[in-house]
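1. My questions concern the predicted model and sequence given below.
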Amino acid sequence: MPKGEIKGVTFSKSLEEAQGKVLTEYLSLIQEEIVREIKRIIANNELIGEGRTAKVFDITVEHSSIPICVKIWHSHLRDMGQLELQKMQSSSPIGEFELQDQLYLAGFRSVPEPISLTRFEGVSVMAMERVIGYSLKQIIDAGGQIANPKWSDLEKLVVEMHRKYNIAHRDLGPQNIMLETDEKLEPGAKLSGRLVIIDFGLSKNTIGEPSDEDYLLTIGDSIIRYQQDFANIDSLKPRRGNDQTPFTS
Amino acid sequence: MTKRHSPRKKHMGYYPTIKFSNSILNQLDELVRDTRPIIETEKGLLFYSDKLPLAVIKIKIPIDQYLNFIKSQGDDVRPRLSNIIPVNDRSFEIVVNTPLIITNGKVGIGGREVILI
């Protein structure tokens, strides 16, 4: 009798030995409930983020031990070809989920803790810890600033992610870096908190990819080697004339 | 030579798949290993921590009996089946995939009392 995963489901060994009828009925009932639950979340819960590939809803309830959200991938993605999909999202939902789990499990805690990934009829739903705070984009747009941590702390975080955990995020814009804080965002606010990196949909494990095209930039006849994540966070470095950074130092 | 087909595989292709993160499963393993169950009945043991988003059940009866028990309960006390997920290769058999409230030995989910074991 096979053990372990079957098409991504982690069934118990004893369930494998259960009668087919019990299993079939149970899975059928679960499916109906999951479909209803997803519809209920989309209709009633707060939409806290939306991108090209997915929407994110808050599903925290009063007695949750931690704030929780779900990322629901757009169902039309299932009809796209692999190349088309790769232009938008290099990882599949399961790839993104596993990469985030691997990173968290290895000890990188500046990422939301993933909880589960549910898939049915081409729809994927990832439940994970919700970061309470603001994206750097929200802080910039609202005219707020970050007093602590410093920009150099963000740089250290990205260096750690690359060198220690071998992960390139590849979409490290101000919309995907959050300041976890319970302070209020208002114009002129100087916030303190903890930096958290979100949305690993374009991320890659960099082991064995020293000449990845993402790290090469062609200008005229010259090919310049660079690291996209560092180029992205460099644009957030506080310097004279840069009003597109929330960092004060 | 006749190839054998598993009846389960025929059915499973169209059903939902649920995978929990190893990070969460490891913490739930620790919960079972390091703490006492919050509720125990002849059907199993419920482990819960207010620090974790999920709870787990270590069942004492065969899994098909347990699933039948959950399915057959009345709507007033039956948890959503999508919250009762069997898992493999762990120190427990069931993940309760939703936050719980435990009051005086009773389990509440979403403002309603349910029976899990």
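-> Cool, the structure landed. Predicted model only: the values in this text are computed from it and were never measured.

2. how is chain A carved up into domains?
-> A:5-129, A:133-234 (automatic domain parsing).

3. does any bit of the last one sit next to chain B?
-> Same thing as domain A:133-234. No - Domain A:133-234 is not in contact with chain B by CB under 8 Å from any CB of the partner chain; minimum separation 12.9 Å. Using the backbone N, CA and C atoms, a C-beta is placed for each residue, glycine as well.

4. Check the separation of the first and last residues in that domain.
-> With CA to CA, to the nearest Å as the measure, domain A:133-234 spans 22 Å from end to end.

5. Give me the distance between it and the centre of its chain.
-> 12 Å (CA atoms, centre = their mean, to the nearest Å).

6. Kindly report the same for the first one.
-> On the basis of CA atoms, centre = their mean, the separation between the geometric centre of domain A:5-129 and that of its chain is 12 Å.

7. repeat for stretch B:69-85
-> Per CA atoms, centre = their mean, the centroid offset for stretch B:69-85 relative to its chain is 10 Å.

8. ok, residues contacting it?
-> A:25-26, A:29-30, A:33-34, A:37, B:18, B:20, B:43, B:61, B:67, B:94-98, B:109, B:113-116 (CB atoms under 8 Å, 6 or more residues apart in numbering or on different chains).

9. Emit the ChimeraX select command for whichever of these are buried.
-> A single ChimeraX command is used to select the members of these judged buried by 16 or more other CB atoms under 10 Å in any protein chain shown:
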select /A:25,26,29,30,34,37 /B:18,20,43,67,94,95,96,97,98,109,114,115,116
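
10. Among the contacts of stretch B:69-85, which are located in strands?
-> B:18, B:20, B:94-96, B:109, B:113-114 (DSSP state E).

11. Redo those residues as a markdown table? Include distance to A:Glu46 and pLDDT.
-> Below are the ones in strands among the contacts of stretch B:69-85 laid out as a markdown table (distance: CB to CB, whole Å; pLDDT from 0 to 100):
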| residue | distance to A:Glu46 | pLDDT |
| --- | --- | --- |
| B:Ile18 | 24 | 88 |
| B:Phe20 | 24 | 95 |
| B:Ile94 | 30 | 94 |
| B:Val95 | 25 | 95 |
| B:Val96 | 24 | 95 |
| B:Ile109 | 21 | 91 |
| B:Glu113 | 27 | 94 |
| B:Val114 | 25 | 95 |
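
12. Next, the buried residues of the longest helix seen in chain A.
-> If you go by DSSP state H, chain A has its longest helix at helix A:20-44. Within helix A:20-44, the residues that count as buried by 16+ other CB under 10 Å are A:22-27, A:29-31, A:34, A:37-38, A:41.

13. Intersect those with the contacts of chain B.
-> Within those, those near chain B by CB under 8 Å from any CB are A:22-27, A:29-31, A:34, A:37.

14. Quick check: pLDDT value at residue 66.
-> Since no chain was named, I'll use chain A. On pLDDT, A:Ile66 comes in at 91.

15. think we crossed wires, I meant chain B
-> B:Tyr66 is given a pLDDT of 93.

16. residue contacts, it?
-> B:Tyr66 neighbours (CB under 8 Å, 6+ apart): B:43-44, B:59, B:93-94.

17. I'd like to know which of these is nearest to chain A.
-> Of all these, chain A sits closest to B:Glu93, with 4.9 Å by CB to the nearest CB.

18. Report the contact partners of the closest one.
-> By CB under 8 Å, 6+ apart, the residues touching B:Glu93 are A:12, A:14, B:44, B:57-59, B:63, B:66, B:86-87.

19. what's across from the residue positioned nearest the centre of chain B in the sheet?
-> Central residue of chain B (CA atoms, centre = their mean): B:Ile94, 2.8 Å from the mean position. Applying DSSP bridges to B:Ile94 gives these bridge partners: B:Ile57, B:Pro86.

20. Hmm, it is touching B:Ile61, no?
-> No - the pair B:Ile94 and B:Ile61 does not pass the contact test of CB atoms under 8 Å, sitting 11.4 Å apart.

21. Mind listing the shared neighbours of the two?
-> B:Gly44.

22. Can you verify B:Ser82 is assigned to a helix?
-> Yes - residue state for B:Ser82 (DSSP: H, G, I helix; E, B strand; the rest coil) corresponds to a helix.

23. So what's the predicted local confidence for it?
-> Here, the pLDDT recorded for B:Ser82 equals 89.

24. Could you do A:Leu77 as well?
-> 61.

25. For stretch A:42-55, buried residues please.
-> Using 16+ other CB under 10 Å as the test for burial, stretch A:42-55 gives A:49, A:51, A:53-55.

26. now the residues you listed as a markdown table including distance to A:Val61?
-> Shown next, in a markdown table, are the buried residues of stretch A:42-55 (distance: CB to CB, whole Å):
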| residue | distance to A:Val61 |
| --- | --- |
| A:Gly49 | 19 |
| A:Gly51 | 25 |
| A:Thr53 | 26 |
| A:Ala54 | 22 |
| A:Lys55 | 19 |
